[in-house]
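Q: generate a structure from the sequence data that follows.
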Amino acid sequence: YVFGIALAVVIMMLTVKRKIPDFGAIFFRPGKLSKEIVSYSWPLLFTNFSLMIFSWADVIVLGLFVSSALVGIYDVASVTSRLLSIVPLAISTMFMPAITEVFAKDKSRVAGLYLHMSKIILILLLPMLVFLAIFSKTMLVSFFGGEFSAGTTSLVVLLVGQFFWGWGLLASNILAASERTKLIFFNTAFSAGVNLILIFILIPRVGIIGAAFATAFSLILAAVLNVAQVAYIVHAKPVNWSFIKPILSILVPVSAFALFFRSFIIDVSLV
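A: The predicted structure is shown next:
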């Protein structure tokens, strides 16, 4: 894992150096440009710290109130739920340079591009959400063993949170492209604070399910804040009535197939 991260950093640095030979020098230029870069960047730095709270706070606090076995079960459910984040993170990586260019050349196209990419994420994420939720117990048992089936409910709750967070990720890209990184930091930090409060309230009462609800609610809250601010500032929305058709065309057959599969084939392995 460490080697993979280090290799990615080295490749990225070499690529930037080849594409932009004087890239490093811009951080040391006196005057307005250097101040703008620092002003733009520092909220994103602290945003990443806030995201670490989402990643670890629930697991750490669980360790204070429940057994290590339950912490392990919840951690497996948490990591498995992040499978849903792969798609939006990949699309967000492609979306960011595109939306930045649109902001620079023709802001009137922002709303259309945002809506189009949101529909793509929905079409890819929704079948994954339904499939993983219906076969959540099967996945945990197949990959990790029968004792991890206790994390099924937590996994389903976390999957819903990851779904909405992933769908709202493009909104944070638009805020970044419009140089409103401080709003991104506020949204993430506020949601992380709510997460901490809910964790300490719910975990002593309902254990790992409480941790899942707290984390999922906070992820949804962060997404809603990002989407609402983009709708107010840029007048762009991630959904319209045309989304009903793809939602139904995905939910109905995928749900029917999964339920049919579970009804007639008992104790089937994930494969």
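
Q: when you work out contacts or count neighbours from here on, use the C-alpha atoms and nothing else.
A: Fine.

Q: need the longest helix for the chain.
A: The residue-count maximum for a helix in the chain (DSSP state H) belongs to helix 32-65.

Q: need the pLDDT of Ser269.
A: Looking at Ser269, its pLDDT reads 55.

Q: give the buried residues for the longest helix of the chain.
A: 40-41, 43-44, 46-47, 49-51, 53-55, 57-59, 61-62, 65 (16 or more other CA atoms under 10 Å).

Q: host element of Phe185?
A: Following DSSP states H and E, the helix or strand that holds Phe185 is helix 181-206.

Q: in that helix, which residues are buried?
A: 181-196, 198-200, 202-204.

Q: packing partners for whichever helix or strand comes after it?
A: Scanning forward in sequence from helix 181-206 by DSSP H and E, the next helix or strand is helix 208-233. With contacts defined as 3 or more CA pairs under 8 Å, 6 or more residues apart in numbering; DSSP states H and E, helix 208-233 has these neighbours: helix 32-65, helix 68-81, helix 152-167, helix 169-177, helix 181-206.

Q: which other helices and strands does the next helix-or-strand element following helix 208-233 contact?
A: Next along the chain after helix 208-233, taking DSSP H and E as the criterion, comes helix 244-264. Counting contacts by 3+ CA pairs under 8 Å, 6+ apart, helix 244-264 packs against helix 110-134.

Q: now do the helix it packs on and helix 244-264, the angle between them.
A: Counting by axes from the mean of the first three to the mean of the last three CA atoms, to 10 degrees, helix 110-134 lies at 10 degrees to helix 244-264.

Q: identify each buried residue in helix 110-134, please.
A: Result for helix 110-134 [16+ other CA under 10 Å]: buried residues 110-111, 113-115, 117-119, 121-123, 125-134.

Q: pull the contacting residues for Ala111.
A: 234-237 (CA atoms under 8 Å, 6 or more residues apart in numbering).

Q: can I get those in CSV including pLDDT and distance to Val227?
A: Listed next are those as CSV, based on pLDDT from 0 to 100; distance: CA to CA, whole Å:
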residue, pLDDT, distance to Val227
Val234, 80, 10
His235, 82, 10
Ala236, 76, 9
Lys237, 79, 7
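
Q: of the residues you listed - the most surrounded one?
A: With neighbours taken as other CA atoms under 10 Å, the top of the contacts of Ala111 is Ala236, carrying 22 neighbours.

Q: spatially nearest residue to that residue (excluding sequence neighbours)?
A: Closest residue to Ala236 apart from its sequence neighbours, by CA to CA, 6 or more residues apart in numbering: Ala111 at 4.5 Å.

Q: would you check how far apart the one you found and Ala133 are?
A: Distance of Ala111 to Ala133, computed by CA to CA, to the nearest Å: 31 Å.

Q: swap in Phe144?
A: Distance from Phe144 to Ala133, counting by CA to CA: 17 Å.

Q: with distance to Ala228 added, can I get the helices and strands packed on helix 208-233 in JSON lines?
A: Listed next are these as JSON lines, based on distance: least, CA to CA, whole Å:
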{"stretch": "helix 32-65", "distance to Ala228": "18"}
{"stretch": "helix 68-81", "distance to Ala228": "25"}
{"stretch": "helix 152-167", "distance to Ala228": "13"}
{"stretch": "helix 169-177", "distance to Ala228": "9"}
{"stretch": "helix 181-206", "distance to Ala228": "11"}
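
Q: out of those, which comes closest to Met96?
A: helix 169-177 (5.8 Å; CA to CA).

Q: packing partners for the closest one?
A: Partner elements for helix 169-177 (3+ CA pairs under 8 Å, 6+ apart): helix 86-105, helix 181-206, helix 208-233.

Q: let's see 6 Å
A: Under the contact criterion of 3 or more CA pairs under 6 Å, 6 or more residues apart in numbering; DSSP states H and E, helix 169-177 touches helix 208-233.

Q: now the helix it packs on: how far from the chain's centre is it?
A: 10 Å (CA atoms, centre = their mean, to the nearest Å).

Q: just stretch 67-80 next, same as before
A: 19 Å.

Q: try stretch 112-126
A: From the chain centre to the centre of stretch 112-126 is a distance of 14 Å (CA atoms, centre = their mean).

Q: could you list the low-confidence segments of the stretch 101-250 of the chain?
A: Applying pLDDT under 70 to the stretch 101-250 of the chain flags no residue at all.
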